[in-house]
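S.K.: Next come a sequence and a model predicted from it.
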Amino acid sequence: MTSVINVNLPEQSYEIVIPSVLDATQTVSYAKAPSSLDQLGQHMDSLKLGKKVLLVSNPTIFKHFGERAIASLTSAGFEVASCTLPPGERYKTLNSIQKLYDIALENRLERSSTMVALGGGVIGDMTGFAAATWLRGINVVQVPTTLLAMVDSAIGGKTGVNHPHGKNLIGAFHQPRLVLIDPNVLKTLPMREFRAGMAEVIKYGVIWDAELFAKLEASKRLDQLRYVKSDLIHTILTRSCQAKADVVSKDEKEGGLRAILNYGHTIGHAVESLTGYRLVNHGEAVAIGMVAAGQIAVELGLWQKEDTERQNALVQKTGLPTQLPTGVDIEAIIEALQLDKKVQAGKVRFVLPTEIGVATVTDEVPSDIIRQVLRGM
Ligand code: NAD
Ligand code: GLY
């Protein structure tokens, strides 16, 4: 069965399409489950988009799935150009965007054309930003290939690149026309990347969806895709996407509520940038940030100690880090927090849980509490 989740927005709503990993009525094996990637062209055709498409990926992802995506688009009548950008967070730069503009120009992309992001959050954020700015905005379709991108970055329209002094400092809101999830592509995803995506899934459990949290707790293992039952994968995808869709539909441009999606990201971003975006990946940094934020909430009397312990047990069960990487200086973290996009009037904003499934946003966290919590990690 395919789940369709609507992101309802005033200007243009769109669908997140999530087929189950394996339809319960089918007897075919997981490896042979029908793949929605092969229906990309059909899905896009139904949106009545212009015929020119630029498919953007990276060499690894393109090698796995590029030809299938192109075949599907071509058979639906699209005229497809494709390009790859080098992999990794360090290439999430304006330089890469310039390359996309050059290719868009070469291929004469028009206002009605579409950029398709086939990749993880790095490709998704860059393709979205290029689409937001080329000809003042053309269509973008997100085909996420990491768990993190499926449950988070492909949805909600935040696009952008890093500045040498800070992550995602340059960007635009640009909503996709469609998010097409193919759970089968997760089979080639490295274990570390699967775990990184699980950090965002745990995030939704803590801030929004207590039932999802309980389902994760009930699973014996969460550290590798192959140990997670296919119905739980479907639950993880649908409930996480629903959580993100709910929040974005209520607050598209982060005027208020959407800020709760930054749970774990305040300290997480600082750790990511202080380790040069190499030592820890985004999901690992978010895991560390959630452990820190959970403890801050306890210190401030907002959250029960037992609930932090339940959160941290989930993080651990997923194989994600719960401690600061060695060598990261606590004062450097405090300083880096000031550069965060979430700083307002010099005050650092934290998202803090108050019960499992509910969170609040505050800028009243004394630096001494942050220091004390970080020293304990
Ligand atoms: P990523 O895009 O760097 O992908 C991780 C690695 O997995 C890459 O090496 C990639 O080549 C590889 N890969 C991707 N899919 C694969 C597959 N199916 N099989 C094999 N290998 C595959 O990392 P990510 O975790 O997806 O994204 C992180 C980025 O997302 C960060 O830049 C972060 O800032 C951004 N992000 C954005 C938002 C948003 O709302 N826009 C939200 C969260 C994170
Ligand atoms: N990942 C945070 C947001 O989309 O708002």
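M.R.: Alright, I've got the coordinates. Note that this is a predicted model, so its numbers are computed, not measured. Residues are numbered from 1 along each chain as shown. Ligands and ions are numbered 1, 2, ... in the order given.
S.K.: Which strand residues bridge the closest residue to Lys51 other than its chain neighbours?
M.R.: Leaving aside its chain neighbours, Lys51 sits nearest to Glu79 (5.2 Å; criterion: C-beta to C-beta, 6 or more residues apart in numbering). For the C-beta atoms, the positions are set from N, CA and C on the backbone; glycine is no exception. Note on Glu79: beta-bridge partners by DSSP bridges are Lys52.
S.K.: list the contacts for Ala336?
M.R.: By C-beta atoms under 8 Å, 6 or more residues apart in numbering, the contact set of Ala336 is 269-270, 273-274.
S.K.: which of those lies closest to ligand 2?
M.R.: Nearest to ligand 2 among those: His269, at 10.9 Å, using C-beta to the nearest ligand atom.
S.K.: which SSE is that closest one in?
M.R.: Element membership of His269 [criterion: DSSP states H and E] is helix 265-274.
S.K.: How about the helix or strand following that helix and ligand 1, touching?
M.R.: Remark: after helix 265-274, the chain's next helix or strand is helix 282-299, criterion DSSP H and E. Yes. Judged by C-beta under 6 Å from any ligand atom, helix 282-299 comes into contact with ligand 1 at 282-283.
S.K.: now the angle from helix 282-299 to helix 265-274?
M.R.: If you take axes from the mean of the first three to the mean of the last three C-alpha atoms, to 10 degrees, helix 282-299 sits at 140 degrees to helix 265-274.
S.K.: Return the distance of helix 282-299 from the chain's centre.
M.R.: When distances are taken as C-alpha atoms, centre = their mean, to the nearest Å, helix 282-299 is centred 17 Å away from the chain's centroid.
S.K.: Out of the contacts of Ala336, which comes closest to Thr93?
M.R.: Ser273 (14.1 Å; C-beta to C-beta).
S.K.: Quick check: pLDDT value at that closest one.
M.R.: pLDDT, Ser273: 83.
S.K.: repeat for Val343
M.R.: Val343 carries a pLDDT value of 71.
S.K.: Spit out the contact partners of the residue in the stretch 251-377 of the chain that ligand 2 sits nearest to.
M.R.: For the stretch 251-377 of the chain and ligand 2, the shortest gap (C-beta to the nearest ligand atom) falls at Leu261, measuring 3.8 Å. With contact set as C-beta under 8 Å, 6+ apart, Leu261 has these partners: 152, 156, 203, 207, 244, 247.
S.K.: what sits against Val4?
M.R.: Neighbour list for Val4: 15-18 [criterion: C-beta under 8 Å, 6+ apart].
S.K.: Please read the previous query as pertaining to Leu118.
M.R.: 55-57, 61-62, 65-66, 69, 143, 145.
S.K.: hmm, try it at 7 Å
M.R.: 55-57, 61, 65-66, 69, 143, 145 (C-beta atoms under 7 Å, 6 or more residues apart in numbering).
S.K.: and those as TSV, adding neighbour count and pLDDT?
M.R.: TSV is the format used below for the contacts of Leu118 (neighbours: other C-beta atoms under 10 Å; pLDDT from 0 to 100):
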residue	neighbour count	pLDDT
Leu55	25	98
Val56	29	98
Ser57	26	98
Ile61	23	97
Phe65	22	96
Gly66	17	97
Ala69	25	97
Val143	31	98
Thr145	29	98
